[in-house]
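Visitor: Dropping a prediction and its sequence here:
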Amino acid sequence: MASTKSIRDVFEGMRKIVDLAEKPDSEDFKQILKITLLGFTIVGVAAFALSWLINLVLQVSGVGIT
């Protein structure tokens, strides 16, 4: 029965967090959106560059991917 109590405590904690959470205002939302888009862009560019570099190394070494 101890596991049931711990699960109940977890859901109670989640409910408290949701109750305390507030909807961000317009400026906060815009800032969060900008940071998120910047993060996606950085990860995308890094993934593209890594893919390009691996492909280049494989072509130079003669393995090549068609």
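Guide: Perfect, thanks for sending it. Residues are numbered from 1 along each chain as shown.

Visitor: When you work out contacts or count neighbours from here on, use the C-alpha atoms and nothing else.
Guide: Fine.

Visitor: Check which residues of the top helix by length along the chain are buried.
Guide: Counting residues, the longest helix found in the chain (DSSP state H) is helix 26-60. For helix 26-60, a neighbour-count test (16 or more other CA atoms under 10 Å) marks residue 55 as buried.

Visitor: Any idea how far that helix is from the middle of the chain?
Guide: Computed by CA atoms, centre = their mean, to the nearest Å, the separation of helix 26-60 from the middle of its chain amounts to 12 Å.

Visitor: what mean pLDDT does that helix have?
Guide: What helix 26-60 shows for mean pLDDT is 96.

Visitor: Run through the neighbouring helices and strands of it.
Guide: For helix 26-60, there is no helix or strand it packs on, judged by 3 or more CA pairs under 8 Å, 6 or more residues apart in numbering; DSSP states H and E.
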